[in-house]
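> heads up, no residue letters with this:
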Ligand SMILES: Nc1nc2c(ncn2[C@@H]2O[C@H](COP(=O)(O)OP(=O)(O)OP(=O)(O)O)[C@@H](O)[C@H]2O)c(=O)[nH]1
Ligand SMILES: [Mg+2]
């Protein structure tokens, strides 16, 4: 069965509620005050099945004071039934509601010329001509204009037939997307608890799902679901849905909340948008103007920050103006006074603070942007790219925008609204195309190839500079490279960049140090002879080793040079540091074999025996050497003795 949401629109008293009743038999004015005063105050609902199409009607109030309620009903409708009374024709809220439908990108609908029974043929024709003129060139330009009377029933069958015909052309909402339900009503039913209703704008909700109420973030589980008053295990995008939520108070899910899977989306207090100011707006919209933002069923106050173009373009370029003229379209950052939950592609409406009239609307481009300066060229370029981007391109751009920070799959989901499967598929494509790299598999996180390249060339820069400054040094410590280039980005990014550099053969990664792969310590003839003298001095000391500084002094080499030469000797395994003394590898190897040779005689030795084997070493040397041999697993400490292994 196909589910279609039909919204009414039109001026007060033009017969919207009466028409819905004539079509469905249901009075959508459910409030006592509405029935007493004979006007609609808040949105009402009715439904009707014709063949295999089920129409959910959202009946809205026409009174100018209740446009905010109308807006809570107007988002998410598939078809609009623009109601115009034949005796009054086009009136202010006919225009305003019609503007709202255009700004929300309602795709199709029809015009019902109501109260046809009380006008003569001439007046009816006149109204018909006025309406045709009014919708000319819009999405209703070719729509049927049907004369009806809710009193006599004239035209009602024709209207139903037209609705069925239009329904066939409505594109189904995407049920495979992540579900979102803007809440339009919340009430409590004795014995059931809290129930919220709304039009499910995407995805599928199932009984048992864990959900989150945004922007507050309170979580709950779906206890029961109804679509058009009937229990169901799952509700699909495009259906009027009632959700029974476990353990929540009505106050925790007011109108304007967004119901979504737990942990999936973030509320936001800033959104980057393309804003269209209506041709009919009374005055230009000023920089930092305070407006009412309507998104889904939510209404919040917002400050308009118009993103301006190049300073030099002053005068000719409208993109540089610090206000938006009626009829113009601009990139804007909206700073919200209360958070909302939204995604790129969502439409919104803005109304002026006072008088409260609809002045424009548009589309959300980035729901989780950084705060922009007014003349941020980069931001405007990105937003222009995002506007025309498909899912893959959008994911690529968000990864690029994150730069060295990298983005997890979860962050991509919150930012784009894409499903896990989509994110997996698209990021894999981006990796294949060489535009992104995976920095970690769980949680999956991506960095753009561009950011990776930039980090890699910074690493090369730091190492090049280091080698120039320290030609004798083998390499720079990893920690220093991390501190200088990577700041506080995820450790996985460091690993990925170094991994790539060493994979490409540009950098040699040792245990603790990094160097350019092509770097060889540059020894002058004098350095080479100093190195030889240092090694000889260490070798000559045998096990009676000294500290490096003492040995250097003995060999007539400066302490600073000795440290560099020592590093080279140590890297080639010629010398070994034990405690603060430096030994030659041959002395150590000789000691090891003497100890092993002792094992046949007695596998146990004490300090005294060790001193004897090692040729009368003092405690100062013997103790660190014994501990070294323990570490090397030549010996093992047993009480006061050592066992030879
Ligand atoms: N003669 C005649 N009267 C109608 C017709 N449709 C509605 N009415 C009358 O017009 C008045 C307003 O009708 P509603 O259906 O409440 O108008 P509405 O557009 O829902 O008004 P709001 O919701 O307050 O904007 C009522 O008294 C209806 O009985 C019609 O086709 N013919
Ligand atoms: Mg009404």
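Nice, I can see it. Everything numeric here is computed off the predicted structure, so don't read it as measured data. Ligands and ions are numbered 1, 2, ... in the order given.
> which element is residue 127 on?
When secondary structure is defined by DSSP states H and E, residue 127 falls within helix 121-135.
> do that helix and ligand 1 meet?
No: Helix 121-135 does not reach ligand 1 (Cβ under 6 Å from any ligand atom); its nearest approach is 12.0 Å. Every C-beta, even on glycine, is put in place using the N, C-alpha and C of the backbone.
> which residues touch that helix?
The list of residues contacting helix 121-135 from outside it, by Cβ atoms under 8 Å, 6 or more residues apart in numbering, reads 82, 84, 86-87, 89-90, 94, 98, 111, 113, 116, 119, 141, 143, 145, 147.
> of all the residues in it, which ones are buried?
Buried positions in helix 121-135, judged by neighbour count with 16 or more other Cβ atoms under 10 Å: 124, 127, 128, 131, 134, 135.
> so is the very next helix or strand once past that helix next to ligand 1?
The C-terminal neighbour of helix 121-135 among helices and strands, as given by DSSP H and E, is strand 145-147. No: under the criterion of Cβ under 6 Å from any ligand atom, ligand 1 is not reached by strand 145-147; the shortest gap measures 9.7 Å.
> if I look at residue 628, how far off is residue 571?
From residue 628 over to residue 571 the distance is 19 Å, taken as Cβ to Cβ, to the nearest Å.
> which one of the two has more residues nearby?
residue 628 (18 against 14; other Cβ atoms under 10 Å).
> so what pLDDT did whatever residue of the stretch 401-550 of the chain ends up closest to ligand 1 get?
When distances are taken as Cβ to the nearest ligand atom, the stretch 401-550 of the chain reaches nearest to ligand 1 at residue 417, 33.9 Å away. Looking at residue 417, its pLDDT reads 92.
> thinking it is in contact with residue 201, fair?
No: in terms of Cβ atoms under 8 Å, residue 417 does not count as a neighbour of residue 201; the distance is 10.8 Å.
> before we move on, back to that, could you identify the pair within the buried residues of helix 121-135 that is furthest apart?
When the buried residues of helix 121-135 are compared pair by pair using Cβ to Cβ, the farthest-apart members prove to be 124 and 135, with a separation of 16.8 Å.
> could you check how many residues crowd around residue 514?
Each residue near residue 514 was counted by other Cβ under 10 Å, and the total is 23.
> which ones are touching it?
Residues in contact with residue 514, defined by Cβ under 8 Å, 6+ apart, are 459, 463, 475, 476, 477, 478, 481, 498, 507, 508.
> picking that back up, same drill for residue 417 and residue 201, tell me which one is more crowded.
residue 417 (24 against 21).
> which residue packs closest to the more buried one, ignoring adjacent ones?
If you skip the residues right next to it in sequence, residue 417 has residue 343 as its closest partner in space, 3.9 Å away by Cβ to Cβ, 6 or more residues apart in numbering.
> okay, and that neighbour sits in which element?
In this structure, residue 343 sits in neither a helix nor a strand according to DSSP H and E.
> right, and it touches residue 265 too?
Yes: using Cβ under 8 Å, residue 343 is in contact with residue 265, at 7.4 Å.
> identify the contacts common to these two.
With Cβ under 8 Å, 6+ apart as the test, residue 343 and residue 265 both reach 180, 417.
> near ligand 1, which residues of the protein?
Counting by Cβ under 6 Å from any ligand atom, the residues of the chain close to ligand 1 are 12-18, 38-40, 61-63, 114-115, 117-118, 149-151.
> what about burial for the residues you listed, which qualify?
Of the members of these, the ones counted as buried by neighbours, 16+ other Cβ under 10 Å, are 12-18, 39-40, 61-63, 114-115, 117, 149-150.
> can you tell me what sits against the strand or helix carrying residue 583?
Element membership for residue 583 (DSSP H and E) is strand 581-584. Outside strand 581-584, the residues that touch it by Cβ under 8 Å, 6+ apart are 535, 538-539, 541-543, 545-548, 551, 566, 574-577, 621, 624.
> among the residues you listed, which lie within strands?
Judged by DSSP state E, strands contain the following of the contacts of strand 581-584: 575, 576, 577.
> of those, buried ones?
For those, a burial check counting by 16+ other Cβ under 10 Å picks out 575, 576.
> between the ones in strands among the contacts of strand 581-584, which sits nearest residue 370?
Within the ones in strands among the contacts of strand 581-584, proximity to residue 370 (Cβ to Cβ) peaks at residue 577, which comes in at 49.4 Å.
> pLDDT score for that closest one?
The score at residue 577 is 90. That number is its pLDDT.
> same question, the one 4 residues further on
Among the per-residue scores, residue 581 holds a pLDDT of 90.
> can we start the residue count at 57 from this point?
Shifting the count to begin at 57 puts that one at residue 637.
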